[in-house]
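Novice: Got a predicted structure plus its sequence, pasted below:
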Amino acid sequence: MTTTRRSFIKSSGLALSYTLGAQTLLLSPAAARAKKLPLRRLDAAHAASLETLAEALVPGAREAGISHYIDSQLQREPEDSLLMIRYLGVADHHTFYVDGLKSIERQAKSRYRKSLAALKSQQTDELIGALAAGEVENWSGPPAGLFYFVVRADAADVVYGTPAGFERLDIPYMPHIAPSRPW
Amino acid sequence: MNAKVTSREKVDLLIVGSGAAASVFAAKAAQAGKQVLMLEAGPARGLQDLVSSQLWARRLKWGGAPVEEEGNLTLGHNFNSGWGTGGSSMHHYGVWPRLHPGDFRLRTDHGKGLDWPLQYRELRPYYDRIQEEVGLSGDAAAEKWRPPGSEYPLPALPVFPQGQAIAAGFKALGKHTAPIPLAINSRPYKNRRACIYDGWCDAGCPIGALANAQALYLPQARAAGGRILHRATVTRVLANKKGNKVIGVEYRDAEDRQQVQLADVVVLAAFAVQNPRLLLASANPAHPQGLANSSGLVGRYMMTHPATSIYGLFKQETQPHLGPTGGQLISQDGYDNKAAIKNAFGSYQWLIANALKPNDLLGIVNTRPDIFGRALEAFMQRASRSIGTMVFVGEDLPLAQNRITLSQHKDQYGVPLARAVHNIQAPTAALCEHAVAEGTAVFKAAGAEQVWQGPRFGMHIMGGTVMGTSADNSVTNRYGQCHDIDNLFIAGPGLFPSSGAVNPTFTLHALGLLAVEFMLREWGSIA
């Protein structure tokens, strides 16, 4: 199915540019994920970790295209980024995510001898609880509590921060100017 | 480094920045016939770019050189500052209370902090004139704490169910609320439209109902011939050899070329952190510790209002997505007694019933950052119907040790980054704790079924280039004119010698009007 600009706007309201070969597509992160567009700043392992973590934090984040959303933002100059991390004084956004994702995988293996994706839901919740509280040993990424806060906020952005997300909560969006295009 | 330097034609008035303070200077000076140029570091942006989205709104926040921050209450520079045409005014909420007379006499009345070099009664006419030009909405009679001033030109905005629910709690405890004085049109005013209460203030108001710089003073400046040059990052203020006059600025343009812009008078209106950074980075042989810094006070007395949000879930629907982001009601009971609470010090106010969207730093989802997974979905469903919130805004004492200095690290142009240190002391922390207990009691009295609080954070940034009576106690005089250099002015909340506990935008407009009229009146001796 071809996602037109109009149908995309209706379904998501988070239009981002994705380049595929010589073609530039205006897609929502969810549509980019459905099309399996290649990621540029996150590798497959990072994306898998991110999707698992984000889905556990905010159900719906995987399908909403969390990996494509963050990957697309990491391709931009910080001043053009839509990520909430830009408020928080973190100088290198890419390193923040990659180091955090590596660290949480190490935690999963250290605690349960499994990858994050292979954990049972109770184990995932335990690990996230420790992450949120900053109670993780041998953590070498960004501050654990901050990493939890940022990824949770990112996941909330793609799940709740669009017209589709408002509709999910039955909140009228009421835009002055609908989020129909990238600036 | 690009060695090629181009010198551009001299202008009368050069303003660094294009935000609220800059726009007042630009409009009035251009209307008086001065050739005005504003240099804005960020991109050009118009009202048509203000997309209603908490995601897209992030581009309105600071996007320039990083600021290194530390302390027990950091300034929150990136969140509080703006980027692009109109600066931080484009994401401000239009909450415009006045400072109180006692805020101008902190040292005289309490032996703490600093006094202002003028009194409320001297600033009042400028508050009144700005209010008439901008068109504030409010109910002066209902604000029993309000300092003397003209009636508001517009009636108050309506109060929605969230405001009504929380107001009941104040009333039950014998406390008072009033509509917030807002720089948001409740009715059409001077060719600007009325608010439609959709809660998108944070994303920038594209219909002109909220008085950001693009709605009011920048169009006036442009209509009178004032210009804005975007992507122009000022790297140094240039002075003559004697050091008693500035002659212009160096900046990098959009093509990364180094330029020199000459001017008769320079106004630094790049907000409270970047102004002192620029002065310190512009040291020269005549000003070895930074330009206009014979006082040694450039960068000192940084302030931010300590703030904490109270949240509650109500039985009834509150429609939290409706109304202004800054809130519907205000309470300043007890504002004028700064020493009323044992072991605490300072004034405070409540901003009540802020519109909430689902996501972002101040959105519903981050009111409970401890919840995740299926529990979060359940919380979001409930809270989006019945949450209520209000935010405590407290006074921050001006302390010399809270300051901006230059970092050892530099930006892409070789200018040292700003390093910001800000800590609050025990009396301010005690004020915050008192307020949280009071706010919790209000919500319980209002019938909230669950009540909790958010973290303490810094709201607004003030100080760093404080005004005063001489170089012994300040960087500038009451007009923002530097004590050391007659044709160099500072504008904005960086001038405030004390913070009070009210949002600073109304006051910085009033000060701007006072200052620009002085500058134009005295132009012959200044330029």
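Specialist: Arrived safely.
Novice: List the contacts of residue 72.
Specialist: Since no chain was named, I'll use chain A. Going by Cβ atoms under 8 Å, 6 or more residues apart in numbering or on different chains, A:Ser72 touches A:16-18, A:29, A:32. (Glycine included, C-beta is placed from N, CA and C.)
Novice: meant chain B actually
Specialist: B:Asn72 sits next to B:423-424 when contact means Cβ under 8 Å, 6+ apart.
Novice: my hunch is that it is in a helix, does that hold up?
Specialist: No: counting by DSSP: H, G, I helix; E, B strand; the rest coil, one finds B:Asn72 to be coil, located in no helix.
Novice: Now do it against B:Pro306, distance only.
Specialist: The spacing between B:Asn72 and B:Pro306, counted by Cβ to Cβ, to the nearest Å, is 10 Å.
Novice: hey, what's in contact with both of those two?
Specialist: In contact with both B:Asn72 and B:Pro306: B:Ile424, using Cβ under 8 Å, 6+ apart.
Novice: hmm, back to that, which ones among the contacts of A:Ser72 map onto helices?
Specialist: Applying DSSP state H to the contacts of A:Ser72, the entries found in helices are A:29, A:32.
Novice: Format the contacts of A:Ser72 as CSV; extra columns: distance to B:Phe170 and pLDDT.
Specialist: Below are the contacts of A:Ser72 laid out as CSV (distance: Cβ to Cβ, whole Å; pLDDT from 0 to 100):
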residue, distance to B:Phe170, pLDDT
A:Leu16, 44, 73
A:Ser17, 49, 72
A:Tyr18, 50, 72
A:Pro29, 43, 86
A:Ala32, 48, 84
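Novice: Kindly reformat the contacts of A:Ser72 as JSON lines containing distance to chain B and neighbour count.
Specialist: What follows is those, written out as JSON lines (distance: Cβ to the nearest Cβ, whole Å; neighbours: other Cβ atoms under 10 Å in any protein chain shown):
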{"residue": "A:Leu16", "distance to chain B": "10", "neighbour count": "23"}
{"residue": "A:Ser17", "distance to chain B": "14", "neighbour count": "14"}
{"residue": "A:Tyr18", "distance to chain B": "16", "neighbour count": "21"}
{"residue": "A:Pro29", "distance to chain B": "11", "neighbour count": "28"}
{"residue": "A:Ala32", "distance to chain B": "15", "neighbour count": "24"}
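Novice: Show me how far the helix or strand containing B:Ser23 is from its chain's centre.
Specialist: Using DSSP states H and E, B:Ser23 sits within helix B:20-31. Put simply, helix B:20-31 sits 17 Å off its chain's centre (Cα atoms, centre = their mean, to the nearest Å).
Novice: ok, then the element right after it?
Specialist: Per DSSP H and E, the helix or strand that comes after helix B:20-31 is strand B:36-39.
Novice: other SSEs contacting that next one?
Specialist: strand B:5-16, helix B:20-31, strand B:227-229, strand B:258-268 (3 or more Cβ pairs under 8 Å, 6 or more residues apart in numbering or on different chains; DSSP states H and E).
Novice: neighbouring contacts of the first one?
Specialist: When contacts are defined by Cβ under 8 Å, 6+ apart, strand B:5-16 is touched by residues B:22, B:25-26, B:29, B:34-39, B:234, B:248-250, B:257-270, B:275, B:278, B:491, B:527.
Novice: got the phi/psi numbers for B:Cys482?
Specialist: Phi and psi for B:Cys482, reported as degrees, to the nearest 10, are phi -60, psi 140.
Novice: Contact partners for it?
Specialist: Contacts of B:Cys482 by Cβ under 8 Å, 6+ apart are B:292, B:475-476, B:488-490.
Novice: One more pass at 6 Å, please.
Specialist: B:292, B:476, B:488 (Cβ atoms under 6 Å, 6 or more residues apart in numbering or on different chains).
Novice: Can you flag which of the residues you listed belong to strands?
Specialist: Among those, DSSP state E puts B:Leu488 in strands.
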